[in-house]
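>>> Fold the stuff below for me.
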Amino acid sequence: MYTSHTKRSRKIGTVRPVIPKRGEKDFEPAPGGGSGLQVHVLDRARAAMFDALRADRTISSKSASYGIWYPGISRVHVTVARGIHFSVMGHSAARPTHTENGSSKLQKRLELLPEEALYLIERGALFCWKDIQADLTGLGDVEGSPMSVQQAFAEIVGKEDLTLEKYQVFAYLRRLGYVVTRTDPPSPSYPVPPPRLANGGVPFTFFRRLSSIFSLFSTRLVRFWRGTLNWWRPLRISRWIHHNKSYGEVFKSLRIIPTGHSVAPHSSCVTPVAPSSPYKIFYNMYKPSTNFRKTSPPQPDFQIVVVDARTAFVPSLYEMTELFSVLPETPPPLPRKRGAPPGVQPPPAAATSPAHTSTFRRLFLWLLPSLTPPPTSSQQRPHPFAALKAGKKNIVIAAVDSGNISFFRFSQGAFEEWPTL
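Next up is the predicted model:
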């Protein structure tokens with residue numbers, strides 16, 4: 001009997017805490033308290049939640065990291081980095097260190113932002129001490145216990161513009177596998193994405209500029225030649241005699257109300273957007289499938305604004321315009337590839353491949369691309385409804401209501417660019 005009880009207690013002690021499964025209630029609360037079965041089900045669910053909170057968190061010593069919190073610079077210096085978290089978290093910063101002869105030199109070290117350090121402390125993956133002067137490599141290297149979760153929240157929240165709502169959004173997205181970084185670098189050593197180029201990310205070279213000049217010249221020449229010979233479209237000819245006589249300008253002049261995001265919204269106030277507006281981009285977010293490099297992060301998939309739902313109002317038109325003014329335009333979604341119907345053979349490929357094209361023809365195609373006929377498999381035009389649904393610019397607003405996070409995506413569409421609608 002004693003042996004069986006010992007085995008049973010040892011087995012119970014090694015079981016890891018399990019988060020209870022949550023779902024929809026099977027009944028509505030009754031005025032009189034409900035039946036005995038309903039009370040029993042509620043008590044059992046409540047007890048399971050308390051058991052999960054009462055369980056001790058355990059972590060292997062092989063995956064525990066150690067760090068030191070410096071309130072003066074609002075950073076955690078990671079002395080021992082273990083685990084997979086540091087592949088997307090933390091950055092290298094040069095800090096002055098004192099040598100034995102009294103001189104100081106710059107030495108790079110791994111540092112965590114306040115939200116990154118708090119996230120690892122809450123997970124139990126980081127043991128952090130507050131502002132100690134020691135070469136920390138383990139629990140036995142320093143007197144005293146590390147910071148608790150409660151002390152970490154009291155010490156870290158409020159540093160470097162970190163509010164409780166912004167940390168809750170950061171922790172929620174990190175648990176889902178997303179990579180979250182700051183949009184505005186808090187220090188010069190913090191890595192940021194490269195600036196977006198106007199030509200879609202391709203740097204302008206000498207040959208590219210020369211090709212664009214020849215392409216523009218040849219396009220104007222072809223348009224002039226075709227326009228003078230096409231007698232069924234008189235605007236092609238009259239636009240050279242009268243100003244603004246193209247089809248786009250004529251349809252634009254017929255509009256009663258001006259459209260387009262280039263038209264600034266009218267406001268009677270001098271500054272329609274208050275300086276203390278909460279709608280400012282704070283986080284860059286990357287999908288888990290993104291090839292993310294911590295030293296050179298790519299362009300983010302989404303940019304997030306975090307607001308407190310209890311104090312922030314619905315964003316006004318001027319606040320949304322201010323947000324969209326700093327965002328780049330995204331290309332329209334590609335049309336879906338439709339395969340050939342069953343029983344229909346695809347057309348044969350061209351006999352002449354680019355590798356067998358003569359040098360003169362390749363030079364001619366490079367200098368005068370507009371005079372060449374379009375390829376047989378030209379890219380399809382994107383669907384207008386899909387492009388309007390996706391929008392040209394997108395922003396995600398995370399509204400936090402006492403811990404409950406709701407994400408709203410706002411997009412900027414351009415209806416005037418699709419005259420077929």
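>>> Could you use CA atoms for every contact and neighbour count after this?
Will do.
>>> Below-threshold pLDDT in the stretch 201-350 of the chain: ranges please.
201-249, 251-252, 258, 266-273, 338-350 (pLDDT under 70).
>>> Please, where are all the strands along it?
281-286, 302-308 (DSSP state E, counting those that start in this stretch).
>>> tell me which strands and helices the longest one is in contact with?
It stands for strand 302-308. If you count contacts as 3 or more C-alpha pairs under 8 Å, 6 or more residues apart in numbering; DSSP states H and E, strand 302-308 packs onto helix 164-175, strand 281-286, strand 393-401.
>>> and Thr321, which of the ones you listed is closest to it?
Comparing the helices and strands packed on strand 302-308 by their distance to Thr321 (C-alpha to C-alpha), the top pick is strand 393-401, with 10.8 Å.
>>> helices or strands next to that closest one in the packing?
For strand 393-401, the packing partners by 3+ C-alpha pairs under 8 Å, 6+ apart are helix 164-175, strand 302-308, helix 317-324, strand 404-412.
>>> Show me what the helix or strand encompassing Arg109 is in contact with.
Arg109 is located in strand 104-112, with elements delineated by DSSP states H and E. Applying C-alpha atoms under 8 Å, 6 or more residues apart in numbering, the external contacts of strand 104-112 come out as 75-79, 89-99.
>>> Can I get the one helix or strand His40 maps to in CSV, CA atoms only?
Secondary structure assignment for His40, by DSSP H and E: helix 36-54. The C-alpha coordinates for helix 36-54 follow below in CSV (Å, rounded to 0.1, in the frame of the first residue of the first chain):
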residue,chain,number,x,y,z
GLY,A,36,-27.3,20.8,-10.2
LEU,A,37,-25.6,19.5,-13.4
GLN,A,38,-24.9,23.0,-14.6
VAL,A,39,-23.4,24.0,-11.3
HIS,A,40,-21.3,20.9,-11.3
VAL,A,41,-20.0,21.6,-14.8
LEU,A,42,-19.1,25.2,-13.9
ASP,A,43,-17.4,24.2,-10.7
ARG,A,44,-15.3,21.6,-12.5
ALA,A,45,-14.2,24.1,-15.3
ARG,A,46,-13.4,26.7,-12.6
ALA,A,47,-11.3,24.1,-10.6
ALA,A,48,-9.4,23.1,-13.8
MET,A,49,-8.4,26.7,-14.4
PHE,A,50,-7.2,27.2,-10.8
ASP,A,51,-5.2,24.0,-11.0
ALA,A,52,-3.5,25.2,-14.1
LEU,A,53,-2.6,28.5,-12.4
ARG,A,54,-1.5,26.8,-9.2
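>>> in it, what counts as buried?
For helix 36-54, a neighbour-count test (16 or more other C-alpha atoms under 10 Å) marks 38, 48-49 as buried.
>>> Repeat that for stretch 171-185.
By neighbour count on 16+ other C-alpha under 10 Å, the buried set for stretch 171-185 is 171, 173-174, 178-183.
>>> Tell me the one among those nearest to Thr330.
Among the buried residues of stretch 171-185, and counting by C-alpha to C-alpha, the member closest to Thr330 is Thr183, at 17.9 Å.
>>> Run a quick check on the closest one versus Lys280, I expect a contact.
No. In this structure, Thr183 is not within contact of Lys280 by C-alpha atoms under 8 Å, at 10.0 Å.
>>> May I see the buried residues of stretch 171-185 organised as CSV, with pLDDT and distance to Ser103 added?
Converted to CSV, the buried residues of stretch 171-185 look like this (pLDDT from 0 to 100; distance: C-alpha to C-alpha, whole Å):
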residue, pLDDT, distance to Ser103
Ala171, 96, 41
Leu173, 96, 44
Arg174, 95, 41
Tyr178, 95, 43
Val179, 95, 39
Val180, 96, 38
Thr181, 96, 35
Arg182, 95, 34
Thr183, 93, 36
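>>> Tell me the one of these nearest Asn394?
Of all the buried residues of stretch 171-185, Thr183 has the smallest distance to Asn394: 15.2 Å, by C-alpha to C-alpha.
>>> residues in contact with the closest one?
Counting by C-alpha under 8 Å, 6+ apart, Thr183 makes contact with 192, 281-284, 303.
>>> Show me which pair in the residues you listed is furthest apart.
Val192 and Ile281 (14.1 Å).
>>> Next, the distance between the ends of stretch 391-411.
End-to-end distance for stretch 391-411: 5 Å, by C-alpha to C-alpha, to the nearest Å.
>>> what do you get for stretch 60-70?
End-to-end span of stretch 60-70 (C-alpha to C-alpha): 26 Å.
>>> Stretch 152-161 now?
16 Å.
>>> Same check on stretch 74-87?
Start to finish, the residues bounding stretch 74-87 are 21 Å apart (C-alpha to C-alpha).
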